[in-house]
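Colleague: this is the structure alone, sequence omitted:
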């Protein structure tokens, strides 16, 4: 059917009649000018894609009527302009596509129908680890080891780039996905198939929201949902509320964008923005560079919103020019945005749209801060860090407590490193990493770190040699301007050499600590510290031996590395004493905003971006040399321990199976609040005593060859065994932390995978009990796939992180939620009961279902299928089964 809004199509430039756009002003609807700018992008996509099938006129009306409909749980479709993936989530997506082709062929369909329709970019950035540091050739050694470990995965991805249309691979060594997106991939306005329209993106990484800082609406989705989008399905979403976040005032001279985002993260966590859009406005926005805005948007998942949107303004347009985008295309971008009323002037309050609610931050009130020791929303002013950490030491085990006995707070362990004697104590820094797109995309904080390093070296300060220091920029542009500005050599002198271009320490690829350091930490049961310029610091994520981890700006990472401890008051205590006996304080070497801006203006120039990105797809010689098959169907290698055909589609038929009541399920695990996807499906090291290690050993691998869980996401046998394998897992059935549970029929304590296998062999279904924010953290589809393979049929929680709930739905696992005011405690649930979950024939979104226990108790819970589309996926056994049936029929 033709688009019912075709009458509002017109050329942007009369001289180019074939370049058209949907002119939303021609809708002649007064409601449009009052819509938040983020909602206008949803509206334009609905108007342009309206076909009265996937997108209907009623959907357009609902979005136009946002002010009324935002509170009514109305479902709307959204077709983003493109998809981005990183390799940890990209490999399983390509594995699924390859397996779906096989399944479609078995069902008699055309396997080549399984092909991305929506353009997709896959950036390989999650595989490199900090195996080598503090060496002139650390970068080269880490990259060589990356290829040695991941050659099989990379060959598979190269096959995918050739076998599937519309899938572009950005090779390893290029940078971090979100920084590459910001500096290179983002268009702001698309020019495709004869139409101009707003750029928008969903990504298989929760920090996809970083691109919102440039005015491109984007957010993270589960890998499963992203695959459906790539195959042409719209995202089905509840029309969101939009919180207006008003910024006023100017930041203080010593404050960085990192301090601002950590302040906003804590503030918005308190406001409560889960499932909502946040849109920034007010005169304070005009004081922020695009890099500053991108830093704030990047940490959107940490404050819980779906998107954190900064509408496009003249500063955004200037950034496109600064980063080497084509000037003629930039002018078309501006002309289009003006024509459709999407170009913002933050100093003009008459442009302020309607919001669900408005909250405000005076940037002048922001002070230098960090976040930790276990969550990104736990902001601590730098002036309070020493006191706060010492309070945490003795506090009860929890997000702000380590429960160390008072008589051990000042324990010291002596150790030897490279022939010299050192001491470690609680609070000693053992990892200091300038890492993550959150900050390495921002020239002001990176140059600030470089200038601080220069002053520190000139003042005679050093970093202790056992501290694992590293610099992993998000793109080659960073290295370029650090080198050209003359600060790189000072960073290297303090140990902050470039170790790789990728996420590295931020995602747990921090590599090993020196053995003598690990022995000292273990001997003294010390709370050792990692300091990183990342966006997540959940327990067990950064490194198994750093129980406390703090997020900090790059200059502060260096400062704490020099100090060697988190237990320092920078205002009263010196960073160190130089060879002349002079005390050097942090204030003596901290660069001013004016110093940083002067260097940035001189050295961050368009030519750098052009030079780096013109050759990004061809510069990696090792990638170019990879040999990949050209077949359209993948030839699975049964000997591979990286790539394996998954069992998700085994026995799939065209006919639907009616969902059945879950009878007598056992509880596999019982959790409290804030269980993250890192807890459910860790990405880091494979412990030598784990089920995954036993499997890999049985396949002839040595521990050196295990690699990480993240790198093995193309192999379901490893990932099922890695589910709930985090060493910091807190299961209420077990007294101590660890990846174990009780197998109730036998009473034995077993590894989680082994217990699940026993239940599966006996034919018993499983459920998981959880508290608030179940599935917080990374948008990790294996955190849903893994439990599915273990036999988990449902999760019963107090609340869910948005993306994880979507992933559970995508795998056909039922997300159940306690009724308001109820939880395991109020209902008296121990987890030792057996649960029967009644699945009625006529399911409706968010309906109540009955749960019966073998004790005779009965209660209700909400079945969190939030839309009719999600129910359709459930009836099909998951979203991928739905797509296969659709393509094969």
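Modeller: That came in fine, so what should we check first? Treat the numbers as computed from the prediction; the structure is a model and nothing was measured.
Colleague: what's near enough to touch residue 15?
Modeller: Applying CB atoms under 8 Å, 6 or more residues apart in numbering, we find residue 15 in contact with no residue. All C-beta spots, glycine's among them, are computed from the backbone N, C-alpha and C.
Colleague: same question, the one 3 residues further on
Modeller: With contact taken as CB under 8 Å, 6+ apart, residue 18 is in contact with 11, 194.
Colleague: and the longest strand for this structure?
Modeller: Longest strand in the chain, counting residues (DSSP state E): strand 662-670.
Colleague: got any ranges where the chain has weak pLDDT?
Modeller: 1, 779 (pLDDT under 70).
Colleague: please enumerate the helices of the stretch 351-500 of the chain.
Modeller: For the stretch 351-500 of the chain, applying DSSP state H, counting those that start in this stretch gives helices covering 385-394, 437-440, 443-458, 476-484, 488-493.
Colleague: okay, now the closest residue to residue 223 other than its chain neighbours: neighbour count?
Modeller: Closest residue to residue 223 apart from its sequence neighbours, by CB to CB, 6 or more residues apart in numbering: residue 781 at 3.5 Å. When neighbours are defined as other CB atoms under 10 Å, residue 781 has 30 of them.
Colleague: number the residues from 34 up from this point.
Modeller: Happy to do that; since the first residue is 34 now, the last one works out to residue 814.
Colleague: now for residue 814: which residues touch it?
Modeller: Residues in contact with residue 814 (CB under 8 Å, 6+ apart) are 122, 125, 237, 255, 256, 257, 840, 843.
Colleague: before we move on, what about residue 727?
Modeller: By CB under 8 Å, 6+ apart, residue 727 lies in contact with residue 754.
Colleague: list the buried ones in the helix or strand it falls within?
Modeller: Assigning secondary structure by DSSP states H and E places residue 727 in helix 724-731. By neighbour count with 16 or more other CB atoms under 10 Å, helix 724-731 contains the buried residues 724, 725, 726, 728, 729.
Colleague: switch those over to CSV; also include distance to residue 632.
Modeller: Putting the buried residues of helix 724-731 into CSV (distance: CB to CB, whole Å) gives the following:
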residue, distance to residue 632
724, 51
725, 47
726, 48
728, 52
729, 48
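Colleague: regarding this protein, what is its longest helix?
Modeller: If you go by DSSP state H, the chain has its longest helix at helix 171-196.
Colleague: okay, the angle between that one and helix 509-517?
Modeller: Here helix 171-196 points in a direction 150 degrees away from that of helix 509-517 (axes from the mean of the first three to the mean of the last three CA atoms, to 10 degrees).
Colleague: out of the helices of the stretch 384-533 of the chain, deepest packed?
Modeller: Of the helices of the stretch 384-533 of the chain, the one with the most neighbours on average (mean count of other CB atoms under 10 Å) is helix 470-473, at a mean of 31.
Colleague: I'd like to know which elements that helix is packed against.
Modeller: Other helices and strands packing on helix 470-473, by 3 or more CB pairs under 8 Å, 6 or more residues apart in numbering; DSSP states H and E, are helix 210-213, helix 290-304, helix 323-331, helix 476-491.
Colleague: let's verify the closest residue to residue 766 other than its chain neighbours: helix, strand, or coil?
Modeller: With sequence-adjacent residues excluded and distances taken as CB to CB, 6+ apart, residue 766 is closest to residue 775, at 4.6 Å. Taking DSSP: H, G, I helix; E, B strand; the rest coil as the rule, one finds residue 775 in the strand state.
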